[in-house]
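J.: Next come a sequence and a model predicted from it.
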Amino acid sequence: MPLVELDRVSFSYPDSPQRALESISLSIEAGEYVAVVGPNGSGKSTLLRLFDGLERPSSGTVRVDGLDAADPINRRMVRRAVGLVFQSPADQIVSTSVEEDAAFGPENLGLPRAEIARRVDAALAAVGLSGDRKRPSYFLSPGQQQRLVVAGAIASGARCLAFDEATSMLDPEGRETVLGLIDDLVADGTAVVHVTHDMSEAARASRLVALDAGKVAFDGTPAEFFDPEGMAPELLRIRLGMPDRDLVARAAGLTPVAGEGAAELASRIASRLGSRSGVRPSALGGAGRGGEAGQRTRAGEGGAAREPSGEAFALEGVSHSYLHGTMNETSALRDIDLTLPRGGVVALVGKTGSGKSTVLQLLDGLVSPFRGRVRSLGVDLGGKGADLRSVRVKAPLAIQRPEAAIFEPYAGDDVAFGPRNLGLSGKELVERVKGAMEEAGLPYAEFRDKRARFLSGGEKRLLALAGILAMRGEALLLDEPTSALDPSARQAVREVIRAEAARGTTIVMATHSMEEAARADLVAVFHSGELVATGAPERLFYEGYDPAWGIARPFAAEVSFALEKADVASGPRPRDVAELASALSRQAAEDRA
């Protein structure tokens, strides 16, 4: 008997004219590892909420261990069998301290205290939060909160764990930790259903289910799904893309190997291409890269980028701590000196909890430093009479949890909130809102009258982006701007960032995506609240890279660096997988000729 079974299940949200899910039939077996993929708004999160009775199907049946999940009588047994990790971790945290929250599930199962303690210790150790067990849970960074929610799910001992974008807010090291945990859970017989927009993560599963517009578009193995020769037109239409590994391997004329790392792939590419004597110096380089930030031409990005000039933001001797003066005081930043130029793209990177989000809040005047000075767009934020409202208008901030910044019931009204408070009205307001929504990838005619709270997590993130684009500021402060977005929407946001930068807007973004950081003009690396490195990505991710930072190189840089060590490539360095794949394809074509 399947552990979880859906029989012709459909579901509609109240006041929504469209079905979120339509005639879904699926079964999940014990110990199975299933990745669920699909565009934003395709019904993935709704599907998981049906698994343990959080939502009741409009029609059809959901059974867990043979029990009807929609029947309130079965609710306790169903939720003992299925544990959920939500897309927004703060919504799932119920206790005031880390260890109490991890213990919440086991305590509600009525387990002996010794067993609860054992499970909590093991779960916190597994996600790297043992040293934070006494910290207040709501003062963790979003990435740390995501780890805590995963720990709670593990401690509950559920036979099926359903993860909804469980790695979207994690740094590369934390992401690998959680993925390793998933592998261990599956090996121990736990069924795992993993909703993800990361195709490299989806490729790790033994089975892949793709949703589109609430329907199952594919159900099979990842190898079948990512085979470009066998992809059906409907799968190509939803534009989910390939894992980075597959894209690079195929570009080099190689067959992708499941689970292969960057170093192993580089070794195979090196064997195929031979030594440098057979490769022109620029063969594996990127397009038109110079050596320093702000002084290169951006290929395919509208010509020459504006050269950063003057100061946009500055932190001088800045230190900041949360709960200052209490027994739970936590240092967020220590003695930070950082000047950011106008007109460029700056990426703030570092492990979860390293201080990136705090920097953005300081730049926007949402928090004040315990020590030091902050200047934003020429304003000393700690100075007498500093106009913080004006700074926030000129440099609006899109926070990491966009659902916490939704002010209006309808999407169009929410985007209009900022411009309306600036005094815009009538046709001018409508045009401003329409332009911002279209730019952010939310077609105005389709989304303006949608209820904001019924949007998917990714759509809410795009809505938050549209809201700050509508402000038409001098700068944009973005906290994880592409987290929880499908590949197509992620690419659209990257294009928005490029377009804004080309117009002279200063972009400062905190990101766990090293691929995004590699496209910035300047990268600032934070570690344990300290600024440990700044520079151009082509230096920091190659000879300037330090594994002690706790962040990974971008996949393209990892492969390219390994090829350089193998004496295969030289010249300009690819900034992302697309550039690396393009260079490899050209070389493979020349070899065939």
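T.: Happy to help now that I have it.

J.: For stretch 476-491, give the mean pLDDT please.
T.: Average pLDDT, stretch 476-491: 86.

J.: From start to finish, how long is that stretch in a straight line?
T.: The straight-line separation of the ends of stretch 476-491 (C-alpha to C-alpha, to the nearest Å) is 18 Å.

J.: ok, now stretch 476-485?
T.: Using C-alpha to C-alpha, the end-to-end distance of stretch 476-485 comes out at 19 Å.

J.: any weak-confidence spans in the stretch 101-250 of the chain?
T.: The model of the stretch 101-250 of the chain has pLDDT under 70 over residues 230-236, 239.

J.: now the helices: where do they sit in it?
T.: 113-127, 142-156, 172-187, 199-202, 222-225, 233-237, 244-251 (DSSP state H, counting those that start in this stretch).

J.: name the helices or strands packed onto the third one?
T.: Under the contact criterion of 3 or more C-beta pairs under 8 Å, 6 or more residues apart in numbering; DSSP states H and E, the helices and strands touching helix 172-187 comprise helix 113-127, helix 142-156, strand 191-195. The way it works is simple: take the backbone N, C-alpha and C, and place the C-beta from them, glycine included.

J.: Can you give me the buried ones in it?
T.: Pro172, Glu173, Gly174, Arg175, Thr177, Val178, Leu179, Leu181, Ile182, Leu185, Val186 (16 or more other C-beta atoms under 10 Å).

J.: residues contacting the fourth one?
T.: Residues counted as contacts of Arg175 (C-beta atoms under 8 Å, 6 or more residues apart in numbering) are Thr167, His512.

J.: give me that answer again for 7 Å
T.: Thr167 (C-beta atoms under 7 Å, 6 or more residues apart in numbering).

J.: Also the third one?
T.: For Gly174, the contact set (C-beta under 7 Å, 6+ apart) comprises Gly128, Gly143, Arg147, Thr352.

J.: Among the residues you listed, which pair sits farthest apart?
T.: Gly128 and Gly143 (10.6 Å; C-beta to C-beta).

J.: Three-state assignment for the residue most central in space within the chain, please.
T.: When C-alpha atoms, centre = their mean is applied to the chain, the residue found nearest the centroid is Ser483 (2.6 Å). In three-state terms, and counting by DSSP: H, G, I helix; E, B strand; the rest coil, Ser483 is coil.

J.: now swap in Leu478 and tell me
T.: With three-state DSSP as the criterion, Leu478 reads strand.

J.: mind checking how far stretch 574-581 is from the chain centre?
T.: 20 Å (C-alpha atoms, centre = their mean, to the nearest Å).

J.: what is the mean pLDDT for that stretch?
T.: Here the average pLDDT along stretch 574-581 is 86.

J.: Touching, Gly350 and Ser528? I think so.
T.: No - with contact defined as C-beta atoms under 7 Å, Gly350 does not reach Ser528; the gap is 8.6 Å.

J.: one step back: can I get the helices and strands packed on helix 172-187 in CSV with mean neighbour count and distance to Thr339?
T.: Listed next are the helices and strands packed on helix 172-187 as CSV, based on neighbours: other C-beta atoms under 10 Å; distance: least, C-beta to C-beta, whole Å:
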stretch, mean neighbour count, distance to Thr339
helix 113-127, 17, 36
helix 142-156, 26, 26
strand 191-195, 25, 40
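
J.: can you list the ones you listed in CSV and add distance to Gly504?
T.: Output for these, formatted as CSV (distance: least, C-beta to C-beta, whole Å):
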stretch, distance to Gly504
helix 113-127, 42
helix 142-156, 30
strand 191-195, 38
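
J.: just so I know, which of these lies nearest Arg448?
T.: That would be strand 191-195 among the helices and strands packed on helix 172-187, by C-beta to C-beta, at 27.2 Å.

J.: Who are the packing partners of the closest one?
T.: With contacts defined as 3 or more C-beta pairs under 7 Å, 6 or more residues apart in numbering; DSSP states H and E, strand 191-195 has these neighbours: strand 33-37, helix 44-51, strand 160-164, helix 172-187.

J.: Which one of those lies nearest to Arg80?
T.: Per C-beta to C-beta, nearest to Arg80 of those: strand 160-164, 10.4 Å.

J.: and the closest residue to Leu388 other than its chain neighbours, how many residues sit next to it?
T.: Sequence neighbours aside, Gly365 is the residue nearest to Leu388 in space, at 4.3 Å (criterion: C-beta to C-beta, 6 or more residues apart in numbering). Neighbourhood size, Gly365 [other C-beta atoms under 10 Å]: 21.

J.: So Gly365 lies in a strand, does it not?
T.: No - the assignment for Gly365, made by three-state DSSP, is coil rather than a strand.

J.: what would the helices and strands packed on strand 191-195 look like in CSV with distance to Lys565?
T.: Output for the helices and strands packed on strand 191-195, formatted as CSV (distance: least, C-beta to C-beta, whole Å):
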stretch, distance to Lys565
strand 33-37, 33
helix 44-51, 40
strand 160-164, 35
helix 172-187, 21
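
J.: Out of the ones you listed, which is closest to Ser23?
T.: helix 44-51 (12.6 Å).

J.: tell me the domain ranges of this structure?
T.: Here the domain assignment for the chain is 4-239, 246-290+556-592, 306-554, based on automatic domain parsing.

J.: Which positions in the stretch of helix or strand Glu579 belongs to come out as buried?
T.: Element membership for Glu579, per DSSP states H and E: helix 577-592. Going by neighbour count (16+ other C-beta under 10 Å), the buried part of helix 577-592 is Val577, Ala578, Glu579, Leu580, Ala581, Ser582, Ala583, Leu584, Gln587, Ala588.

J.: Nearest to Arg268 among those?
T.: Leu584 (11.5 Å).

J.: low-scoring stretches of the stretch 401-550 of the chain, by residue?
T.: Using pLDDT under 70, the stretch 401-550 of the chain drops low at 402-403.
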